[in-house]
Structure formats: structure tokens, C-alpha cells
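A.B. asks: what's the 3D shape of this:
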Amino acid sequence: SSHDLTVDHNLVLVRHSTTMAGVQRHVLVPHAITVAGIEAEPEMNGTFERNGQCGGRPQWMQPRTRRYIRFIRGRWELYISHHPAGTTFFYSNQTDQSPPSDPDSWCPTMAVGPHERPTLVFDGDGSRDDGPARAPAAVAAEDTAALGAGTAGSSAVGAGGGTEDGALAAVGGGDNPSAPCLTLYANDTCPFVQRVRIVLLEKGLMPSVEERHVDVTGDKAPEFVELYRRVEPNPSRRPAIPLLVYRAPAVAHADRSGGGAAAGSGGGGGCHHGGGVAAEDELVLIESMVIAEYLLDEDLFPSVSKARMLGLGPRDARERAKIALFVDCFDRSVGGVLERVLAATDHDKLYRASESLVEGLMTLDTWLNTHSADADSEGGGLFVFVCGRFTVAEALVAPALQRLVHLPSRLRPELTCDIMAIAKIRFPRLYRWATATLARESVAQTFDIEKTAAVKQRATPLFAAAAAATPADEGHGQRREHGEWAPGTSLEAMLASRVSAVRGA
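C.D. replies: Next up is the predicted model:
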């Protein structure tokens, strides 16, 4: 026999094994695909995870839904099987072993607008081998079964079978003695709490979590303050969220079965503090980055899928350094920009904040182009995340990215620009990364825009009238005199010109 290794034009690693019996084709495929850009059916956007095969090729499914990327009827389809015939939103006549990533390769159906095209972003390295391609008769039989039942994949998801979700569903369940007990002190709008929730969701640990609400503006429960002071005894430091209490599986199980008294307002069958369990049997953690790093330890959660555990954290020292450098670059570049934009009370302050915004976006775009080049070269531009897959790097910065993208238009309408629209034109590498990050299910699911905007609104000062803008003699009037910008002018054009000026400098 003879063997060769090639890469097809969709950049999926393909191994051909030629034998006397013919050709067997083995495919290494991404474990997830993130879809974006669908307007008529927004729920079709998001992350699709590997879920068996259909039509002789791998298929991907949004967890706990009937939405698929599958090869059916001799073509690739973005498809929902809500009834036996299903609804196809887009299709591609390409017949490769993976769906096309190029939006122009997809054709819209009558279910969407004629102008719509989906964008597919491949997430992760191809680490699963689906085995040899099957005979046409077997493929046809599978197609018929998929069309007739329409729910083969979804029924397995509901039962937790056939996917990683099956293993994850057991984590923290009921009387499972190997399940850890996690108590998260949180609220609904804190970006640092959201960091922790994203990590918990990505690792499939949410069934193990009992959440307790903390009113950050009012008096905090003595239980919460006491736990915080265990870690931070400095009385001048105000107790803050998130705070996570980890109790080892055996201790947590013993407390649940022993019926110990609860301290605080737990409920819903979760674990409780107290009940005769010594303080040294539980670990209290504060600071979102510390909590996230702790949760990445695979030895703490033996019930969790090994692939899921290894996927989120760094795989080696190089990735660990890359993640730390990216998070630091993000924080330094745009971490404080949103607060400056919202705090601007006149056009001159808003102009200066906008300059910082554009420079920050440009810095991130440059960083991604420079330091993620290895991931891009391996994935041909499809693996857009910092490490070529969604990791803690994205989890830590996603909350700030969401707020930067969504809040200015709501709370500071004087900044008449669409940040993502500008990024798409001026910073394409950043745009691809941001689009994929925002579409991630764990990111979207943990962000409540209405509640977050309402909280931020209370801290956002009113914008002064144009007539009350800073006097020209403070050194900012020259901008107006030279026609570069004037109060009331669309900042969209100002930002575009600012980008050109910065790039030309």
C-alpha cells in the first residue's frame, strides 16, 4: 500500500490510505464551527459542535438544539430539523469532506434574505479521525433516515448521548459522589463574574454550581463578607465579586447526604457552607483571573471530558505566554476606553476618547496579525482565535469586548459609529476574531445587554450641549478651524480619517 498526506482547499487535513481494496479517506476535522452573519434566523448563529456523521461526512450541531451543519441531499446545508422535512437556510453544492468557509460558496434559500451569506469559522485543531468514507448505499440510507426522523441528533443530545455533553451532563448531578461543589457569589451584570461563568460553561461545570446573588450597591450578607475576609483580611479593601467556594467531591457529597444546616440562602439542592464542615475543607477564591486559572486544572474535575478540559487552557508554555500577552495587550489597548467614552460630557472629550478607541483597535489588529500568524498559517485564516481555538484568552476579554461593542450606541449616541463596521473595513483580522468571539454560545449566553445597560446608564453623565463645549482657547479649537471635526459632525467620518492618519504616521 502507499500513503500520502495532503491538505484540501478547505484547509482540513486529509489522510489518503490507498490499498488493494481501493481508497480509504480519513479526515481530521475541527471540533467546532462558529457561524455568524445570518439575519433572518439569528438563532442559527453561534457555535456548532461535532455530532457524529450525516451523508458520509462529519456533521456539527448547536448543543441541545436541532440546528445542524450537515451534508444531506448531496450538498452541505445549514439546516434545522424541526419537522421531518426540515428547513434549509443556506446550501452549498461543494462536496468536500468539510463545509466551505467562504461566504460566497453558500446560496440562500427562500427562508432568508437574498443578500445574506453565512460566515463559518473553524475552531480548534482537527483531532478526531472519522474513519473511512462509507459506500454510497450507506450514505443514501443515512440521508433517508435523517430526513425521515429529522431528530436523530437532537434525541441523543436530550439524553446526553453521542456528544461530549453526555459526559458533562453528569457533572455535579444529584448524588454523584465524584461531583465537586462550587458556590459562586455573583450578580447579573458584573463583567468579572461573566468571565467565570464563561469558563464554567465551556468546561461543562455549571450543573455543579450554586449561585448566590450579591447586592454590590447595598449591604452585603455577613456570610459573603466573612468568606471574603478569609482571603483578603485588609479591612480597607471592599469585598467584591466574583467569589468562588470550591469543596472537594467527597466533602461536598458528605455534606449533602448528611443534612447539615445551611448558612445563608442556598437552595435548589445545592451545597451549603456550615453543617459541621470545617473551613479548611473548602477553598475560597477571589479575583476572576485567579478563579479562571484554578478552574482550568483538569485534576480537580475528573468527571469532565478530557478534551473539553484541555481545550480551554494553554497546552504548553508557549500558549500560556501568548494568552497572558494577549490579555495584557487587550487591557492596555481598549480596557479603559469604554469608561472614557461614557464619561465624556462634551464633544472635545468624546473626540479624545474616540482617538484612544481607534488607536486601541489598531493595536489589537496588529497584535493578532503578528502573534497569531502561526495559528492562521496552520488554519489558513480559518482558525481565528488567539491559540487557534477558543481558550481562556477569549473568555477573559469577551465581557469587555461585548460592552465596548454594544454599550456606546445605547449610552453615548453622540458617538455615531458602529465599531464592528469600522473594524470590518479597517481592521479585518480584529473583526474576524471579534465576530467569532461574540458569536460563541458561552459568551452570548452570559451577557444580559438590557440589565447591563441599565446599570451603566445610572453612572453615565449627561452630555453637554454643543454650545457648552470646551472653549477654543484650551487648544482644541484648531481642529474645528481646520475643518477636521466639528461638534455635531458624524464621528464615523472622523474615525475613518483618524485611522488613515494613524496608519500613515
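
A.B. asks: Mind listing what's buried along stretch 295-303?
C.D. replies: Buried residues in stretch 295-303, counted by 16 or more other CB atoms under 10 Å: Leu295, Leu296, Leu300, Phe301, Ser303. C-beta here means a position set from N, CA and C on the backbone, and glycine is covered the same way.

A.B. asks: Equivalent analysis for stretch 225-233, please.
C.D. replies: Here stretch 225-233 shows Leu227, Tyr228 as buried, counting by 16+ other CB under 10 Å.

A.B. asks: circling back to that earlier point, ok, which pair from the buried residues of stretch 295-303 is furthest apart?
C.D. replies: Within these, two members stand farthest from each other by CB to CB: Leu296 and Ser303, at 15.6 Å.

A.B. asks: before we move on, back to that, can you list which of the buried residues of stretch 295-303 are found in helices?
C.D. replies: The helices, defined by DSSP state H, take in Leu295 from those.

A.B. asks: would you turn the buried residues of stretch 295-303 into CSV with distance to Ala36?
C.D. replies: CSV is the format used below for those (distance: CB to CB, whole Å):
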residue, distance to Ala36
Leu295, 27
Leu296, 27
Leu300, 33
Phe301, 30
Ser303, 32
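
A.B. asks: Need the worst-confidence member of the buried residues of stretch 295-303.
C.D. replies: Among the buried residues of stretch 295-303, Ser303 carries the weakest pLDDT, at 64.

A.B. asks: Which member of the buried residues of stretch 295-303 is positioned nearest Arg315?
C.D. replies: Using CB to CB, the buried residues of stretch 295-303 come closest to Arg315 at Leu296, 11.2 Å.

A.B. asks: Can you give me the distance of the closest one to Ala398?
C.D. replies: 16 Å (CB to CB, to the nearest Å).

A.B. asks: Tell me which residues touch His115, please.
C.D. replies: Residues near His115 by CB atoms under 8 Å, 6 or more residues apart in numbering: Pro108.

A.B. asks: now do 10 Å
C.D. replies: Glu39, Pro108 (CB atoms under 10 Å, 6 or more residues apart in numbering).

A.B. asks: Need the three-state assignment for it.
C.D. replies: coil (DSSP: H, G, I helix; E, B strand; the rest coil).

A.B. asks: low-scoring stretches of the protein, by residue?
C.D. replies: In the predicted model, the chain carries pLDDT under 70 at residues 1-28, 82-85, 124-180, 249-281, 302-310, 373-383, 465-505.

A.B. asks: which residues in the stretch 301-450 of the chain form helices?
C.D. replies: Ranges of helices within the stretch 301-450 of the chain are 306-312, 317-334, 337-343, 347-371, 373-379, 392-411, 419-426, 428-439, 441-445, 449-458, based on DSSP state H, counting those that start in this stretch.

A.B. asks: JSON lines for these, including distance to Glu210 and mean neighbour count?
C.D. replies: As requested, the helices of the stretch 301-450 of the chain are exported to JSON lines (distance: least, CB to CB, whole Å; neighbours: other CB atoms under 10 Å):
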{"stretch": "helix 306-312", "distance to Glu210": "21", "mean neighbour count": "17"}
{"stretch": "helix 317-334", "distance to Glu210": "28", "mean neighbour count": "16"}
{"stretch": "helix 337-343", "distance to Glu210": "31", "mean neighbour count": "19"}
{"stretch": "helix 347-371", "distance to Glu210": "36", "mean neighbour count": "20"}
{"stretch": "helix 373-379", "distance to Glu210": "37", "mean neighbour count": "16"}
{"stretch": "helix 392-411", "distance to Glu210": "21", "mean neighbour count": "22"}
{"stretch": "helix 419-426", "distance to Glu210": "36", "mean neighbour count": "17"}
{"stretch": "helix 428-439", "distance to Glu210": "28", "mean neighbour count": "21"}
{"stretch": "helix 441-445", "distance to Glu210": "18", "mean neighbour count": "20"}
{"stretch": "helix 449-458", "distance to Glu210": "21", "mean neighbour count": "14"}
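
A.B. asks: Wait, Gly360 touches Leu401, no?
C.D. replies: No. Under the criterion of CB atoms under 10 Å, Gly360 is not in contact with Leu401, lying 11.4 Å apart.

A.B. asks: any shared contact partners between these two?
C.D. replies: Phe330, Val334.

A.B. asks: what residues are up against Asn369?
C.D. replies: Asn369 makes contact with Asp376, Phe427, Pro428, Arg429, Leu430 under the criterion CB under 10 Å, 6+ apart.

A.B. asks: Now do the fourth one against Phe301, distance only.
C.D. replies: To Phe301, Arg429 is 34 Å away according to CB to CB.

A.B. asks: And the second one, by the same measure?
C.D. replies: Distance of Phe427 to Phe301, given as CB to CB: 37 Å.

A.B. asks: For Glu49, what is the enclosing helix or strand?
C.D. replies: Per DSSP states H and E, Glu49 falls inside strand 46-54.

A.B. asks: so what strands line up beside that strand?
C.D. replies: strand 32-36 (antiparallel), strand 57-61 (antiparallel) (DSSP bridges).

A.B. asks: In CSV: those, plus distance to Val214 and mean neighbour count.
C.D. replies: Below are the strands paired with strand 46-54 laid out as CSV (distance: least, CB to CB, whole Å; neighbours: other CB under 10 Å):
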stretch, distance to Val214, mean neighbour count
strand 32-36, 32, 22
strand 57-61, 36, 24
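
A.B. asks: and of those strands, who's closest to Asp123?
C.D. replies: strand 32-36 (4.2 Å).

A.B. asks: Spell out, range by range, the strands that occur in the stretch 151-300 of the chain.
C.D. replies: For the stretch 151-300 of the chain, applying DSSP state E, counting those that start in this stretch gives strands covering 181-186, 209-213, 243-247, 282-286.

A.B. asks: which one of the ones you listed lies closest to His347?
C.D. replies: strand 181-186 (37.6 Å).

A.B. asks: follow-up on the earlier one: which one of the helices of the stretch 301-450 of the chain lies closest to Val112?
C.D. replies: Val112 lies closest, by CB to CB, to one member of those: helix 428-439, at 16.8 Å.

A.B. asks: how big is the angle separating the closest one from helix 419-426?
C.D. replies: 150 degrees (axes from the mean of the first three to the mean of the last three CA atoms, to 10 degrees).

A.B. asks: Counting by contacts, list what helix 428-439 packs against.
C.D. replies: Applying 3 or more CB pairs under 10 Å, 6 or more residues apart in numbering; DSSP states H and E, we find helix 428-439 packed against strand 32-36, strand 46-54, strand 119-123, helix 347-371, helix 373-379, helix 392-411, helix 419-426, helix 441-445.
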